[in-house]
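Asker: predicted model follows, preceded by the sequence.
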Amino acid sequence: MSLAIFAVVYLFLFQPHQVEGRSMVPNFQNGEYILTDKISYRFHEPERGDVVVFHSPQDARIDFIKRVIGVPGDSVEVRQGYVYLNNQKLEEAFINEPGRVSQGRFLREGVVAEIPDGQYAVMGDNRLHSSDSREWGLVSGEMIVGRAFFRYWPMPAFGVLATTEGELSMESVLGVVSD
């Protein structure tokens, strides 16, 4: 019976993940363990600011953790080292070295990327040390495992993760500001 309950929880509700690498510093450190909520996105779509775990677009056996920057209907652009969402510069207090964004093969300086239905633009909080949508493009909603919601290791960082829902909404103080 215990095994059956564990299987249901693991397969349908929550899944443990280990953060690997520096792409989400300062908010997530290499070696931390988190739980991923696998059920929420069955009822609503990911929102700007959500921290999600998803299968790598290059190798579905590998999972990544990144922050949703753009959702369907948005336009994303890298301009003079800053991220622009719907032609408005993002002010992101939660990232490492705000305002320093390198371009990649997908998001290049001055090229606007329109996000179609079912696709998401994701970036690491440590923009200078992250392989993300700038490099390999958009992430399909079907590739998203779920939303990071609980850190359980190391013990000093134990607890529910600060909510990120709406952090990058047009109305939020962390969200979009005019140039």
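Answerer: Good, I have the coordinates. Numbering: from 1, shown residues only.
Asker: tell me the SS of the most centrally placed residue in the chain?
Answerer: The residue lying closest to the centre of the chain (Cα atoms, centre = their mean) is Arg67, at 1.9 Å. For Arg67, the assignment made with DSSP: H, G, I helix; E, B strand; the rest coil gives strand.
Asker: what of Arg134?
Answerer: helix.
Asker: what's the pLDDT at it?
Answerer: In this prediction, Arg134 carries a pLDDT score of 88.
Asker: number of residues surrounding the closest residue to it other than its chain neighbours?
Answerer: Of all residues not flanking Arg134 in the chain, Gly104 sits nearest, at 3.3 Å (Cβ to Cβ, 6 or more residues apart in numbering). C-beta coordinates here come from the backbone N, C-alpha and C atoms, glycine included. Counted with other Cβ atoms under 10 Å, residues neighbouring Gly104 total 17.
Asker: next: Asn27.
Answerer: 21.
Asker: any idea of the pLDDT on it?
Answerer: The model's pLDDT for Asn27 equals 90.
Asker: quick one on the thing from earlier: what's near enough to touch the residue nearest to Arg134?
Answerer: 132-136 (Cβ atoms under 8 Å, 6 or more residues apart in numbering).
Asker: could I get the residues you listed as a markdown table with neighbour count and distance to Gly118?
Answerer: Converted to a markdown table, those look like this (neighbours: other Cβ atoms under 10 Å; distance: Cβ to Cβ, whole Å):
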| residue | neighbour count | distance to Gly118 |
| --- | --- | --- |
| Asp132 | 21 | 18 |
| Ser133 | 26 | 14 |
| Arg134 | 25 | 20 |
| Glu135 | 16 | 20 |
| Trp136 | 16 | 17 |
